[in-house]
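> What would the 3D arrangement of this be:
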Amino acid sequence: MSRYLSSEFLFRVAPALTRADQALFIAFVTLLLLAVSFRIFQSVEKRKVVLARFFSRCFNGLLIFALIGGLWSGIRYLVVPILGSHFVALLILAGLALWLFFVLKYALFRLASEQKAWEQDQVKKKYLASR
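Modelled structure (predicted):
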């Protein structure tokens, strides 16, 4: 683990791709596949507006991080001195972790109550519209 936190690993751009580079590339492709799956979930749950909005939020965030990661992978492949370093990839992953924290916080504490309020509002609109 200390090898991955050394200044040589973080800031030096090796001319050949390493296993860590391949693992990061696979991680970013996985993020892209997750983004596509959230887009599919969004299209399935169109009638439940709150869930569709949540899936849209997940899609947008994951797609942004997947594209930024793909851009980093391309820069790393081209051996660009500063932008191709593992430190930049670490910053991207730290941003992803921070974004995931807020999305999970929303999903655990507010999503269910918003969904319930939306369903109650739909019932109210259904019966008030019939008068």
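
> low-scoring stretches of the chain, by residue?
Segments of the chain classed as low confidence (criterion: pLDDT under 70) are 130-131.

> What segments of it are helices?
Counting by DSSP state H, one finds helices in the chain at the ranges 7-11, 19-44, 49-77, 86-109, 111-129.

> and those as TSV, adding mean neighbour count and distance to M1?
Yep, even glycine has a C-beta here, placed from its N, CA and C like the rest. Output for the helices of the chain, formatted as TSV (neighbours: other Cβ atoms under 10 Å; distance: least, Cβ to Cβ, whole Å):
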stretch	mean neighbour count	distance to M1
helix 7-11	12	11
helix 19-44	15	12
helix 49-77	18	21
helix 86-109	14	13
helix 111-129	11	35
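
> Can you tell me, leaving aside adjacent residues, what's nearest to L10?
Beyond its immediate neighbours in the sequence, the residue positioned closest to L10 (Cβ to Cβ, 6 or more residues apart in numbering) is F87, lying 4.4 Å away.

> Now do the one you found against L24, distance only.
Distance, F87 to L24, by Cβ to Cβ, to the nearest Å: 12 Å.

> anything in contact with each of the two?
Taking Cβ atoms under 8 Å, 6 or more residues apart in numbering as the criterion, F87 and L24 do not both touch any residue.

> Can you name the residues that contact the residue most central in space within the chain?
When the chain is reduced to its mean C-alpha position, the nearest residue by Cα atoms, centre = their mean turns out to be L62, at 2.5 Å. Residues near L62 by Cβ under 8 Å, 6+ apart: 31-32, 34-35, 38.
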